[in-house]
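S.K.: Using only what follows, build the 3D model:
(chains A and B)
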Amino acid sequence: MFGMEPLLFWGSVYCYAAVTIMLLVGFVFSKERMLHWSRYVLLPGFLMHSAVFIYRWGITGYFPSNGEYENGISAGWFAILLTLILNYKKGNFRAAGMITVPVTLLALGYGYMVNAGGQPHAASLKSSWLIIHVLFAQLAFGAYLVASGLGLIYVLKDNKQRLGLETVFYNRFPTLPLIDEMMFKFVVFGFVADAIMIAAGSIWAKDLWGSYWAWDPVEVWSLLSWLIYGLTIHLRVTLGWRGRRLAWIFIFAIIGIIIAFWGVDAVVKSGQHAFGIKSIGGKVRP
Amino acid sequence: MRRGILNTIKRYYLTFKSAKSTVFIISVLLLLYFTGLLIPQKAYIPSPQAYADWKSNFPLFSTVVELFQLNEIYLAPITIFFLVLFFINLLVVLGHRLPTLLKRMYIVPLSAQDRIALVGPPPDDARLIPVPTGGPPIDETVLNFLKKRFWTVVGGDRSRSFFAVKNRYSPLGFLFFHTSFLLCLAGGLLVFFTRFTGAFILTEGQEFTPEMKNFHRIYQDAKLMKKLPPFSMRLEKALPQYENNVSTDLDVDIALTDEDRTETVRVKVNQPVKRGALSILARDVGVAPLMVLRDRAGREIAGSFFSLNVMKGDEDSFDYPDIPYVFTVRFYPDYVEREGKPFSRSRMLSNPVIQIGVTKNQHTIFAGLLPIKHHITFDGLTLSFEEVRYWVEFYVIREYGNYALIAGFLLGVTGLIMRLIFYQRTLRLFVFEGPDGLRLALSGKSEYYPHSFQHEIAQLAESLEKQLAQKRDEEGGPSSSAPLSS
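M.R.: Below you'll find the predicted structure:
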């Protein structure tokens, strides 16, 4: 970490931790005020997060995407940005943060634990495709994460309605059809961004590794996640799936994205996305 | 007989055109790709020995896996089978949907249902805008209003009834997206059958011509168009940069002769040299010390640059033909002694020193440090470390089909954006005589978001009502006493 970065980083982490607690309390004990005030804590957290994002970019000279810490910073930034936009444009959707904020908090914590220090910028990452590939990956992640949060709100509200326990608290959220549409919008947004990410990654891989596709575990997970979201769009558009069933899929589909982002690298060290330049043996006599 | 065949084809056609088939096929492919993440794939097992060990450790499991080629799942017959089904499904769905697409782009005349919707009583959710009797005609205002907001009027008499569509060509996105898979398939097949990938290592100063024997490994031989384009190259200079043992840059200058023209070009990581279908990538770099062996009289017995795999601190070895010594090497590019032990401060060639061991008949006869420009003596022979150069491992890749693949990517993304972001909405506006006077009924349909669309309709109705009122005021027509839109 450089200069002011630790202060800003921990500031945002504590804000997100507070927001997570406020959202939890808000939901569990149906405290509307907690949800209302959470946005005023989320905003300064996001501002500090943005400062870390920009500061890191300025200091290193490249888009923050080198290692788990920087991925946590940038992916989380997009997720919180989309949450805030939703918060301020459609206030009654603010509970989407119930998923986006804790996941961002965990991503930041995991990144800090693994490699918060500045890492040299590997030769393999010096490409114009990096920004396109990673930017769209993180936009997709942010959108899917928000869709997942909306899915959670949908299920919670639907549960109450099914049990006939409609409360003032849940009535303040948008109607179920509106939540349903909104989560689909975020999935569509994520799906398009994801497609651009995969296409850009393929083109980049051709120059870096010599082939568009190598069935590397990260590639396969990305493809799987994209296909899962594609399937949900198909289910909705052609088979008319709506509401609860899709909400459950969106809540769990995010796991595939999280595995692609962080899980594979933690388990598989030999994949191409480990980004090292490998060494080989051999003897040549000129 | 003929009818029977036709019925069978029809049955399969009906099966393949159903959305459920698509869902089923994609789900199976998802499952197969997921299996590939659980079962170790041959391509990712580091060595044949490791594979043999795995087989002996799991005899039954490995037999089942090998039987169904689950350890090469991405090209296994079962995967290929479902991919074939996927593309058949794609073609059938495309063929089936084409007439619907044309209809939905309103290239063909409006359907009877759409025409009826422009004259009948307004639907329950219609917004009603008052139209003064005897006032100025509304056609120009409505047409301009819609045009300004990117609505295209495609039906109605355009004076008292209007059928407008936004993102008229959005259904084309379906065609683009699905065709993109076919383009990617064509590109992928071309790449698969014409791809040649071979690797070779050059030390600075060394030349290469693309004869098969000169490749140290051929990863994939072309199944079609086997002949590589003629070229030759010489490695002029390689300069890797390291920071904290991470490779941060690699400049490789090569003199490339291509069609009787020689030019020096720079290859970098992420920046291969491309000549038509041929690309040359720099994939790895290492050091090649020049080791010269001399007899007691100082005559050179043998000498060579040895490309060694030692940059990450690993041990490697070399030998000379017909000379019974094996030399083991650890390499310290930026040597210092730290706590009595050899250590390298960085991977830059600042002070290269070799830690060398000499064995003869598996007995070590010498072990020690050998700095550059120095020599060691053993058994009356001297071995000198005279120079060090870099070696670079290059990949030569020749393949066709890239244009189809890139076109597929572009078409796919364009199709998705057209279909999902710029989705289609339709508006129906018509004047009718209601109990409170003339009204313009405004209703519409959206492909995806009916609830959000109601807000859009409400805003449109409000704006149109204002514009009609403004027009009326400008032209001094009679004012309407009827209530505002519902």
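
S.K.: how about A:Ser222, what does it touch?
M.R.: Residues in contact with A:Ser222 (Cβ atoms under 8 Å, 6 or more residues apart in numbering or on different chains) are A:137, A:194, A:197-198, A:201, A:260. For every residue, glycine as well, the C-beta is placed using N, CA and C.

S.K.: From those residues, pick the one nearest chain B.
M.R.: A:Ile198 (8.5 Å; Cβ to the nearest Cβ).

S.K.: Filter the contacts of A:Ser222 down to just the ones in helices.
M.R.: Among the contacts of A:Ser222, the members falling in helices (DSSP state H) are A:137, A:194, A:197-198, A:201.

S.K.: Tell me the backbone dihedrals of the residue in the stretch 151-300 of chain B that chain A sits nearest to, please.
M.R.: Residue nearest to chain A within the stretch 151-300 of chain B: B:Glu243 (3.6 Å; Cβ to the nearest Cβ). For B:Glu243, the backbone dihedrals (degrees, to the nearest 10) come out as phi -140, psi 120.

S.K.: How about the contacts made by it?
M.R.: Going by Cβ under 8 Å, 6+ apart, the list of residues near B:Glu243 reads A:Pro120.

S.K.: Quick check: bridge partners of it?
M.R.: B:Val246 (DSSP bridges).

S.K.: Report pLDDT for it.
M.R.: pLDDT, B:Glu243: 85.

S.K.: any idea how far it is from B:Arg266?
M.R.: 20 Å (Cβ to Cβ, to the nearest Å).

S.K.: Ok, A:Lys31 next?
M.R.: Going from A:Lys31 to B:Arg266 by Cβ to Cβ gives 63 Å.

S.K.: List the buried residues of the lengthiest helix in chain B.
M.R.: Counting by DSSP H, the longest helix found in chain B is helix B:77-104. With burial defined by 16 or more other Cβ atoms under 10 Å in any protein chain shown, the residues of helix B:77-104 counted as buried are B:79, B:82-83, B:85-86, B:89-90, B:92-94, B:97, B:101, B:104.

S.K.: mind listing what's buried in the helix or strand that that helix is followed by?
M.R.: Following helix B:77-104 in sequence order, the next helix or strand is helix B:112-116 (DSSP states H and E). Residues of helix B:112-116 classed as buried: B:Asp114 (neighbour count, 16+ other Cβ under 10 Å).

S.K.: and the stretch 1-150 of chain A, which residues reach chain B?
M.R.: A:119-124, A:126-127, A:129 (Cβ under 8 Å from any Cβ of the partner chain).

S.K.: Is residue 165 in a helix, a strand, or coil?
M.R.: You didn't pick a chain, so chain A it is. Look at A:Leu165: counting by DSSP: H, G, I helix; E, B strand; the rest coil, its state is coil.

S.K.: that's the other chain; I wanted chain B
M.R.: What three-state DSSP gives for B:Val165 is strand.

S.K.: next one: B:Thr328
M.R.: At B:Thr328 the chain is in strand, as set by three-state DSSP.

S.K.: Now do the same contact list for it.
M.R.: Contacts of B:Thr328 (Cβ under 8 Å, 6+ apart): B:315-317, B:356-357, B:359.

S.K.: Go through these and say which is closest to B:Val285.
M.R.: The nearest member of the contacts of B:Thr328 to B:Val285, counting by Cβ to Cβ, is B:Asp316 at 14.6 Å.

S.K.: ok, back up a step: take the contacts of B:Thr328 and keep only those in strands.
M.R.: When DSSP state E is applied, the contacts of B:Thr328 are split such that B:316-317, B:356-357, B:359 fall in strands.

S.K.: Between all of these, which two are separated the most?
M.R.: It's B:Asp316 and B:Thr359 that sit farthest apart of the ones in strands among the contacts of B:Thr328, by Cβ to Cβ, at 13.8 Å.

S.K.: Looking at these two, which one has more neighbours?
M.R.: Remark: of B:Asp316 and B:Thr359, B:Asp316 carries more neighbours, 21 against 17, as counted by other Cβ atoms under 10 Å in any protein chain shown.

S.K.: circling back: now the residues of the stretch 1-150 of chain A next to chain B in CSV, please, with extra columns for pLDDT and neighbour count.
M.R.: Below are the residues of the stretch 1-150 of chain A next to chain B laid out as CSV (pLDDT from 0 to 100; neighbours: other Cβ atoms under 10 Å in any protein chain shown):
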residue, pLDDT, neighbour count
A:Gln119, 73, 16
A:Pro120, 78, 17
A:His121, 81, 18
A:Ala122, 84, 18
A:Ala123, 87, 24
A:Ser124, 86, 22
A:Lys126, 86, 16
A:Ser127, 88, 18
A:Trp129, 88, 18
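
S.K.: Could you pick out the buried ones from the contacts of A:Ser222?
M.R.: By 16+ other Cβ under 10 Å, these give A:137, A:194, A:197-198, A:201, A:260 as buried.

S.K.: TSV please, covering the contacts of A:Ser222 and showing pLDDT.
M.R.: As requested, these are exported to TSV (pLDDT from 0 to 100):
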residue	pLDDT
A:Ala137	93
A:Asp194	96
A:Met197	95
A:Ile198	95
A:Gly201	94
A:Ala260	85
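
S.K.: ok, those residues vs A:Ile233, which is closest?
M.R.: Distance to A:Ile233, by Cβ to Cβ, is smallest for A:Asp194 among the contacts of A:Ser222, at 11.3 Å.

S.K.: what's the nearest residue to the closest residue to chain A within the stretch 51-200 of chain B if we skip its chain neighbours?
M.R.: Across the stretch 51-200 of chain B, the shortest distance to chain A (Cβ to the nearest Cβ) belongs to B:Tyr74, at 5.0 Å. Nearest residue to B:Tyr74 in three dimensions, chain neighbours excluded: A:Trp215, at 5.0 Å (Cβ to Cβ, 6 or more residues apart in numbering or on different chains).
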